[in-house]
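[1] Using only what follows, build the 3D model:
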Amino acid sequence: MSDWKQPEENSIEALQHGMLFGDGVEFDLRVDGGGELVIFHDEFVPGEGPIWERCVENLPTDYLRSSGIPTLSDLLANRDFTDSWQSGGKTVDIEFKLPHPSTKIGTMEYLNSIMEKLEAALEPLELPDRSVVVSSFSPKIGEAAKSSGFGFPVIRLMPHIRAWGRHWRLKRVVAAPHFARTTVKGITRSFRKEGMESVGMTLDYLVGWPRFIHPGLPVGLRGRGLKRFFEARQGMGAFVWSAPLKHEDALVNAGVSLVSDNMDPTVLVKPDGTPRWPRPASQPLDEEWSKRISEADPLERGDTMGEAFSSVPMWGDIESERKRRIIEEQATRMLWPGSTEKWVKLADDGLPWGSPRIIGHRGAGSTHGV
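    From the prediction side, this is the model:
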């Protein structure tokens, strides 16, 4: 049994853990009543009284901090987090959460404000290219990014889940009709026209019976379905949540940046008994290390992987010829359009979005709700 204690989601401890353990993290961002950026998922804080009085956007920063809700400035003051982010190969997916309707804050007004504040907060870090992506369920995220001249890539999350409601299951029921009438092929075509370089989607688009309710042929993680998935994306990134361990290998093979709730550092093997390596993007294993870890005695595997963590170079330190081989293999296998040389050159400024990543959901995994 694991002796690791999972930290609270969206906490500084959780985000630091996910950043160091995996290829990066996803977290939720809001603007509080004092105009500060705070890291929190839900529309309102727990407590008594009307919802509008407990909405994050109506509450002062000091009160939220006293309730255990960190600010973005708190996170950026953590050098372990920022140093890892600045070194290259790590990705942070920042999800903009919209205010509850009771706040009467307009969506475009809010998105433009949070984009301006985020750019100002991150500018001093001089982050590498393709180390930040901003996501949102809002259908207006692309329009807001263009109108404000936002400097970071944005992706819309599918299907559309409304920004309010007490229960996640009810939100999913309301989102079901939108899921049923959208396809991965249609989503990627639409987002590409908007200038988006990635898509964000629930795992149901790729796995299980729900993918068969869409019109047309379904995509998947194997066989012809996987080929259709590659053809639809044309090199676009795919951020998929929530990704259980049993599908992890297939998702990585499909070039998915999977948003995982499984960030337990003591889990060394997947359900099929194969080793789990949590950094395919920021610290890819070479053939020698893959073989050593795979062939290690189960009782010694932890030590072998610990040695790999300290010995295998991070993405920014990998010699150029090996980077070339990695990108050429991915571009060829995943049917990225154009010459492989184009993608190799692109990787000089950061890992392409179509490369797979393992990203910690809300840092070290969700601890309440989804």
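[2] hang on, isn't Ile39 packed against Asp28?
    Yes. Counting by C-beta atoms under 8 Å, Ile39 touches Asp28, with 6.4 Å between them. For every residue, glycine as well, the C-beta is placed using N, CA and C.
[3] After the longest helix anywhere in the chain, which helix or strand is next? Please name it.
    Secondary structure of the chain per DSSP state H: the longest helix is helix 107-122. The helix or strand immediately downstream of helix 107-122 is strand 132-136, counting by DSSP states H and E.
[4] my guess is Val199 meets Met236, correct?
    Yes. Using C-beta under 8 Å, Val199 is in contact with Met236, at 6.0 Å.
[5] ok, those two, which is more surrounded?
    Counted by other C-beta atoms under 10 Å, Val199 and Met236 do not tie: Val199 has more neighbours, with 25 against 20.
[6] which ones are touching that one?
    Contact analysis of Val199 by C-beta atoms under 8 Å, 6 or more residues apart in numbering lists Ile155, Arg156, Met158, Val184, Ile187, Thr188, Phe191, Arg233, Met236, Gly237, Ala238, Phe239.
[7] Assign the first one to helix, strand or coil.
    State at Ile155, reduced to three classes by DSSP: H, G, I helix; E, B strand; the rest coil: strand.
[8] ok, back up a step: now the common contact residues for Val199 and Met236.
    Listed contacts common to Val199 and Met236 are Thr188, Phe191; contacts here mean C-beta under 8 Å, 6+ apart.
[9] looking only at pLDDT, what's the mean for stretch 267-283?
    Averaging pLDDT along stretch 267-283 gives 95.
[10] Kindly report the same for stretch 100-113.
    Average pLDDT, stretch 100-113: 94.
[11] Ok, stretch 156-172 next?
    66.
[12] ditto for stretch 199-218
    Taken as a whole, stretch 199-218 has a mean pLDDT of 90.
[13] rewinding a little: which residues do Ile39 and Asp28 both contact?
    Contact criterion C-beta under 8 Å, 6+ apart; residues shared by Ile39 and Asp28: Asn10.
[14] Give me the more crowded residue out of those two.
    Ile39 (25 against 17).
[15] ok, that one - contacts?
    Listed by C-beta under 8 Å, 6+ apart, the contact partners of Ile39 are Asn10, Leu15, Phe27, Asp28, Leu29, Arg30, Ile69, Pro70, Thr71, Leu72, Leu75.
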